[in-house]
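S.K.: Got a predicted structure plus its sequence, pasted below:
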Amino acid sequence: MKLLVSGATTTIRRHINHGNLGQLITPRDRNAPIRGMAYAADNSAYSDWNEPAFMRMLDKIQGYEQKPLFVAVPDFVGNARISSKLFDIWAPEIIDRGLPAAYVLQDGQGGVCVPWGDISALFIGGSTAFKSCDHVRYLVKKANRKGIWVHMGRVNSYQRLQVAMDMGVDSVDGSGYSRFAELKLAKALNYLQMEQGALELNKYLLVA
């Protein structure tokens, strides 16, 4: 599982070869991908939605040689129905540029269909309780079967990292790893590496 970090570029570069590290590009941070590192793009809707900045980010990413893991389609925090309508409006702006669109899950998703045919990734947003509810777990398993990348936002503790791994999530992000990179990033990467190693060992033992 990859930990995607926005900002903290100097610290990120020190861990550039770590297999569990990636970068998160956002309109607010105006950051650019580090060559050779996996990255994805968020929309900053959670804290600071800015349409012109989002469009500028899309235009910049379109010109990069390396494509992102996903671009999060603009959403509305805590409301799946509004997020679904925003997807219909904004997804073409992403897809028409040849970029992989991520549908953002929000509270109330049980009453809204996921546009599986139009997405390359599933982004788990919403409240903390919603992120690991039974319906989200079902959608993650469905995405896994379809080969669709799954990302979880606002993962800022070892407990949440473990929950994400157990659910089958491919990447996570958390503001704490950017704001307190010197204190938290190396420890989180080591944790992921150890947990991933243990998981691979268990799989080997089961097969053997």
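M.R.: All right, it came through fine. Here the structure is a predicted model, which means the values were calculated and not measured.
S.K.: can you give me the helices in the protein?
M.R.: Taking DSSP state H as the criterion, the chain contains helices spanning 9-14, 51-62, 80-95, 128-131, 134-146, 158-167, 176-179, 181-207.
S.K.: what sits against the spatially closest residue to Arg56 that is not a sequence neighbour?
M.R.: Distances taken as CB to CB, 6 or more residues apart in numbering place Pro27 nearest to Arg56, at 7.2 Å, with adjacent residues excluded. For every residue, glycine as well, the C-beta is placed using N, CA and C. Counting by CB atoms under 8 Å, 6 or more residues apart in numbering, Pro27 touches Asn43, Ser44, Asp48, Asn50, Ala53, Phe54, Arg56, Met57.
S.K.: and the least confident of those?
M.R.: Lowest in pLDDT among the contacts of Pro27 is Asp48, which has 80.
S.K.: wait, isn't that residue in contact with Asp29?
M.R.: No - the criterion here is CB atoms under 8 Å, and Asp48 misses it with Asp29 at 9.8 Å.
S.K.: Just want to know which of the two has more residues nearby.
M.R.: Comparing Asp48 with Asp29 by other CB atoms under 10 Å, the one with more neighbours is Asp29, at 18 against 12.
S.K.: neighbours of the closest residue to Ser120 other than its chain neighbours, just the number please.
M.R.: Nearest residue to Ser120 in three dimensions, chain neighbours excluded: Pro100, at 3.3 Å (CB to CB, 6+ apart). Counted by other CB under 10 Å, the residues lying close to Pro100 total 18.
S.K.: does Pro100 really touch Phe123, like I thought?
M.R.: No - Pro100 is beyond contact range of Phe123, at 11.2 Å (criterion: CB under 8 Å).
S.K.: Any chance you could list residues touching both of the two?
M.R.: Shared contacts of Pro100 and Phe123, counting by CB under 8 Å, 6+ apart, come down to Phe70.
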